[in-house]
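Engineer: Next input, structure requested:
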Amino acid sequence: MKKIVIIGAGFTGLSAGLKLLGGNLVIIESENKVGGLAGGFKTEGQNLECFYHHWFTSDNNIMRLVRELSLEKNLEYLESKTGLYYNQNFFKLSSPIDLLKFKALSFISRIRLGILVLYARSIKNYRELENITAKDWLILIGGEQVYRIVWEPLLKGKFGPYAEKISAVWFWKKINLRGGSRAKNGKEQLVYFKGGFMKLTEAMAEKIQNAGAEIKLNCKVNKIVIKNNKVVGVECNDGFIDCDIVLDTTALPLFADKIEGQVSNEYFKSLREINYIGNVCLILELDRSLSSYYWLNVNDPSFPFVGIIEHTNLVNKSMYGNNHIVYLSKYIPTSDYLYTMSDKEFFNYSIPYIKKMFPDFEESWVQNYNLWKSPFSQPVVENNYSKKIPNMRTPVKGLYLSTMAQIYPEDRGTNYAVEYGEKVAQIIIDDTNNNFI
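Structural biologist: Model (predicted):
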């Protein structure tokens, strides 16, 4: 029986683990809990995600997984209210009627914005967009004013120094995904897992462990050991684990570090071709609401956060002791000084900006706050990205890779983490059955 080690207990690793049950399986996680970027923490006795999460109604893979675990009762279908902050004004943007009322744009630009969204949904083959940047494509279809007011601030807020290099494919998929999550009345509908996403990953982990597999927490893999171009084991902070198969689900730079000096220079360099941007996420627990919006895009270049996500405008605040939960998200390179700030420093830095947007806000509203950071939060999807994606089968026998940077043309997310985790697991099963390992 082949011994399999999966590195990473996020949705990708756990989904692969569920499909590989029955073998000699060990899942290794460096954190003290499962979940990865969808992991959470306790507040008022309730699980809350460290980084904001929701699902779209079209996220079929995650919905199927929930049903397979008999947890459908935890699915909440909720109406979302989306807004945009521009030029010290709040605009509702949840429906086509809202778009027509968006007076920050000229009437012609409002029409062009609507045409852009409809046109994006008509495109079926993403490859026709691989050679054009999002900036050039958005200007071509929507015009300069639409780009400058609506899209440019969001691109810069999301990707910072990489904004003008982002592929049109990434933006096209974002427009389609959000536009396709609608209720019968045409309003945006999102899905949340009651009890928090952490509850779902804990259920996945429980099923894996009940089947006899092992999940090792607080265990970091420092090296994947390769001999004669074949995996023989992993070196962890608590010792060596021999195995026949390794599936790594961590970010590409971390994977590269674990195999450095044991693979060809050409393959090693290919793992460094995709850039990443980090994220700092401040979570505020307030005694009152900031606004009526769940998702507020911030189109003010002077404001440091790309979005203000008021979680309790989507789910019931009673789950969090009647506090209002607000996420303030900032995408930045890890070399930026903001990324190095302590929790208190970042909180103090944020307060004046919140007051500027919400003049009635007082620091006394804050009952608690938490700061979370991720150095590899978002792969940077540039032109011809498909040519940079490494194969799930690596050049090393018994070594496999499934990471968020391989999710394409879709963007990262738990739904696709499940899909790609199951996909790589099936590859491992096929290779094992065909004696390729």
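
Engineer: Only C-alpha atoms from now on, for both contacts and neighbour counts.
Structural biologist: Noted.

Engineer: Go through stretch 43-52 and flag the buried ones.
Structural biologist: By neighbour count with 16 or more other CA atoms under 10 Å, stretch 43-52 contains the buried residues 47-52.

Engineer: quick one: contacts of stretch 258-278?
Structural biologist: 159, 221-226, 229, 252-253, 256, 331-334, 373-381, 388-390, 396, 405 (CA atoms under 8 Å, 6 or more residues apart in numbering).

Engineer: Any of the residues you listed buried? List them.
Structural biologist: Buried residues within the contacts of stretch 258-278, defined by neighbour count using 16+ other CA under 10 Å: 159, 221, 223-226, 252-253, 256, 331-334, 373-381, 388-390, 405.

Engineer: and those, which of them are in strands?
Structural biologist: The members of those that map onto strands under DSSP state E are 221, 223-226, 331-332, 373-379.

Engineer: need those residues in a markdown table with distance to residue 247 and pLDDT, can you?
Structural biologist: Shown next, in a markdown table, are these (distance: CA to CA, whole Å; pLDDT from 0 to 100):
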| residue | distance to residue 247 | pLDDT |
| --- | --- | --- |
| 221 | 12 | 98 |
| 223 | 13 | 98 |
| 224 | 10 | 98 |
| 225 | 13 | 98 |
| 226 | 13 | 98 |
| 331 | 28 | 94 |
| 332 | 29 | 94 |
| 373 | 25 | 97 |
| 374 | 21 | 96 |
| 375 | 21 | 96 |
| 376 | 19 | 97 |
| 377 | 20 | 95 |
| 378 | 21 | 95 |
| 379 | 20 | 97 |
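
Engineer: and residue 118, how many neighbours?
Structural biologist: For residue 118, the neighbour count with other CA atoms under 10 Å is 14.

Engineer: Next one, pLDDT for it please.
Structural biologist: pLDDT for residue 118: 90.

Engineer: Specify the helix with the largest residue count in this structure.
Structural biologist: helix 414-433 (DSSP state H).

Engineer: Any chance of the ones in strands among the buried ones among the contacts of stretch 258-278 in a markdown table with distance to residue 309 as columns?
Structural biologist: Formatted as a markdown table, these follow (distance: CA to CA, whole Å):
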| residue | distance to residue 309 |
| --- | --- |
| 221 | 34 |
| 223 | 38 |
| 224 | 39 |
| 225 | 43 |
| 226 | 44 |
| 331 | 14 |
| 332 | 18 |
| 373 | 17 |
| 374 | 18 |
| 375 | 21 |
| 376 | 21 |
| 377 | 17 |
| 378 | 18 |
| 379 | 21 |
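
Engineer: now for those residues, which pair is the farthest apart?
Structural biologist: Spatial extent of these (CA to CA) is set by the pair 226 and 331 at 35.5 Å.

Engineer: any idea where the strands of the stretch 151-300 of the chain begin and end?
Structural biologist: In the stretch 151-300 of the chain, the strands defined using DSSP state E, counting those that start in this stretch lie at 189-193, 214-216, 221-227, 230-236, 239-242, 245-248, 276-286, 295-298.

Engineer: JSON lines please, covering these and showing distance to residue 29.
Structural biologist: Listed next are those as JSON lines, based on distance: least, CA to CA, whole Å:
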{"stretch": "strand 189-193", "distance to residue 29": "23"}
{"stretch": "strand 214-216", "distance to residue 29": "6"}
{"stretch": "strand 221-227", "distance to residue 29": "8"}
{"stretch": "strand 230-236", "distance to residue 29": "10"}
{"stretch": "strand 239-242", "distance to residue 29": "14"}
{"stretch": "strand 245-248", "distance to residue 29": "11"}
{"stretch": "strand 276-286", "distance to residue 29": "20"}
{"stretch": "strand 295-298", "distance to residue 29": "32"}
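
Engineer: Which stretch among the ones you listed is buried most, on average?
Structural biologist: Highest mean neighbour count among the strands of the stretch 151-300 of the chain (mean count of other CA atoms under 10 Å): strand 245-248, with a mean of 25.

Engineer: Parallel or antiparallel, list what pairs with that strand.
Structural biologist: Its sheet considered, strand 245-248 pairs with strand 3-7 (parallel), strand 399-401 (parallel) by DSSP bridges.

Engineer: I'd like to know which elements the worst-scoring helix or strand of the chain on mean pLDDT is packed against.
Structural biologist: Ranking every helix and strand in the chain by mean pLDDT, DSSP states H and E puts helix 96-100 at the bottom, with a mean of 82. Counting by 3 or more CA pairs under 8 Å, 6 or more residues apart in numbering; DSSP states H and E, the packing neighbours recorded for helix 96-100 are helix 107-122.

Engineer: ok, and what's touching the helix it packs on?
Structural biologist: The contact list for helix 107-122 (CA under 8 Å, 6+ apart) reads 96, 99-100, 102, 138, 141-143, 145-146, 172, 175-176.

Engineer: returning to that earlier point: let me know the closest of the ones in strands among the buried ones among the contacts of stretch 258-278 to residue 153.
Structural biologist: For these, the nearest to residue 153 is residue 331 (12.5 Å; CA to CA).

Engineer: and the closest residue to the closest one other than its chain neighbours, bridged to which residues?
Structural biologist: Distance criterion CA to CA, 6 or more residues apart in numbering; nearest residue to residue 331, sequence neighbours excluded, is residue 279 at 4.3 Å. The partner list for residue 279 in beta bridges (DSSP bridges) reads residue 331, residue 374.

Engineer: Is residue 279 in contact with residue 332, as I believe?
Structural biologist: Yes: using CA atoms under 8 Å, residue 279 is in contact with residue 332, at 5.8 Å.

Engineer: overlap in contacts of those two?
Structural biologist: residue 339.

Engineer: Next up, phi/psi of residue 229, please.
Structural biologist: With angles defined as degrees, to the nearest 10, residue 229 sits at phi 60, psi 30.

Engineer: Please report how far residue 15 lies from residue 76.
Structural biologist: The gap separating residue 15 from residue 76 is 22 Å, by CA to CA, to the nearest Å.

Engineer: Which one of these two is surrounded by more residues?
Structural biologist: residue 15 (26 against 15).

Engineer: Now do the same contact list for that one.
Structural biologist: By CA under 8 Å, 6+ apart, the neighbours of residue 15 are 204, 417-418, 421-422.

Engineer: does it sit in a helix or strand, and which one?
Structural biologist: Taking DSSP states H and E as the criterion, residue 15 maps to helix 11-19.
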